[in-house]
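Peer 1: could you look at this predicted model? Sequence included:
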Amino acid sequence: MANILIVDDSNTFAQSHAKMLEKQGHHISFAADGETAIEKAHADKPDLILMDLIMPGMNGFQATRKLSKDEETSGIPIIITSSKDQETDIVYGQRQGAVEYLVKPVDENTLVAAVNKALA
């Protein structure tokens, strides 16, 4: 199946999302901040990235923008997963290059459907 990079400074959310996706046969790797996410995206070339927004250092909006504008990583779909649920955040996230924006907590069916759609 797919290699998925989960970027989240909350180990609880990262592990929860990983369990949901590992059931589907996906291989999961982790990053706890935007800088590490960019390094891992370049090194590992994941098939998809789940990106949190509120993290220390480079936030998820900044990391999404950098990855989506970089020729080497622009083909990797990014799904933002955040507790920020304002319409302006959702629109801004999509303008940074995210293919989907899911509000935490994300239920398993919604996450799996979004991942399958982004990978299709």
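Peer 2: Done, it's in.
Peer 1: switch to C-alpha atoms for all contacts and neighbour counts from now on
Peer 2: Noted.
Peer 1: what sits against S29?
Peer 2: By CA atoms under 8 Å, 6 or more residues apart in numbering, the contact list for S29 reads N3, I4, L5, I6.
Peer 1: please repeat the previous calculation with a cut-off of 6 Å.
Peer 2: L5 (CA atoms under 6 Å, 6 or more residues apart in numbering).
Peer 1: tell me which element it falls in.
Peer 2: Using DSSP states H and E, S29 sits in strand 27-31.
Peer 1: figure out how far that strand is from the centre of its chain.
Peer 2: What separates the centre of strand 27-31 from the centre of its chain is 10 Å, taken as CA atoms, centre = their mean, to the nearest Å.
Peer 1: could you do stretch 39-50 as well?
Peer 2: Mean-position distance between stretch 39-50 and its chain equals 10 Å (CA atoms, centre = their mean).
Peer 1: what's the answer for stretch 30-41, then?
Peer 2: Centroid separation for stretch 30-41 versus its chain: 10 Å, with CA atoms, centre = their mean.
Peer 1: what about the residue nearest to T73 when sequence neighbours are not counted, helix or strand, and which?
Peer 2: Excluding the flanking residues, the one nearest T73 by CA to CA, 6 or more residues apart in numbering is L67, at 5.5 Å. According to DSSP H and E, L67 maps onto helix 60-69.
Peer 1: only C-alpha atoms, please: export that helix in CSV.
Peer 2: Backbone C-alpha positions of helix 60-69 (Å, rounded to 0.1, in the frame of the first residue of the first chain) are rendered in CSV as follows:
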residue,chain,number,x,y,z
GLY,A,60,1.7,23.3,9.0
PHE,A,61,0.6,26.1,6.7
GLN,A,62,4.2,27.0,6.1
ALA,A,63,5.3,23.4,5.6
THR,A,64,2.4,22.7,3.3
ARG,A,65,3.3,25.8,1.2
LYS,A,66,7.0,24.9,1.0
LEU,A,67,6.3,21.3,0.0
SER,A,68,3.6,22.1,-2.6
LYS,A,69,5.8,24.8,-4.2
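Peer 1: show residues contacting it.
Peer 2: Contacts of helix 60-69 (CA under 6 Å, 6+ apart): G34, D52, L53, T73, S74, Q96, G97.
Peer 1: got the contact list for the residue positioned nearest the centre of the chain?
Peer 2: Residue closest to the average C-alpha location in the chain (CA atoms, centre = their mean): L50, at 1.5 Å. Each residue near L50 by CA under 6 Å, 6+ apart is listed here: I6, V7, I78, I79, I80.
Peer 1: nice, that's everything, thank you.
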